[in-house]
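1. I need the structure of the sequence given here:
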Amino acid sequence: MNKYLSVSSLVLAAVLTLTKVATAEASAREMYDSELYYTCDASNAENFAKKYLPVLTCYENEGVIGSDHIQECCSDTKEVSIINANSKLKWLYKLWHANQGGVSAEMELLSQILPVPNHANALADELIKSYDAWNQQQR
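-> Numbers count the residues shown, from 1 in each chain. So this is what the prediction gives:
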């Protein structure tokens, strides 16, 4: 009986460990939207990042559009990485809307450049290597 409990405990521990690893990897994959360019520099990276708008969610009251019509919009932040495959430069931008709780027309898109974390830098390097290898095969 103790042998069965010991094996069961080991299996359970292994399953929990694998679940934590899978969850951490899935979280890392969902953390950033990324785009790879060959002709991107610091002056246009932000514009490329802004193509990935944070999702805007709006709620409206049941009234007819007019003085009693109310619309409230909000969005979460979004982080976008832009990668230059030639220069190996990487940028990370945090995007969000100002005027949370206002109407959609008043939601202003803002951005802030962030330092690229080591894990994102390493993943971008792997992406560049893979894309370069694929590009070589296409020639």
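
2. in the protein, which strand has the most residues?
-> For the chain, the longest strand by residue count, based on DSSP state E, is strand 90-98.

3. partner strands of that one, with direction?
-> Within its sheet, strand 90-98 is paired with strand 78-84 (antiparallel), strand 108-114 (antiparallel), according to DSSP bridges.

4. quick check: mean pLDDT of that strand?
-> Averaged across strand 90-98, pLDDT comes to 95.

5. list the buried residues of it.
-> Going by neighbour count (16 or more other C-beta atoms under 10 Å), the buried part of strand 90-98 is 90, 91, 92, 93, 95, 96, 97. The C-beta positions use only the backbone N, C-alpha and C, and glycine is treated the same way.

6. report the beta-bridge partners for residue 36.
-> Beta-bridge partners for residue 36, by DSSP bridges, are residue 83.

7. how about residue 75?
-> Beta-bridge partners recorded for residue 75 (DSSP bridges): residue 56.

8. same question, residue 93
-> The partner list for residue 93 in beta bridges (DSSP bridges) reads residue 80, residue 113.
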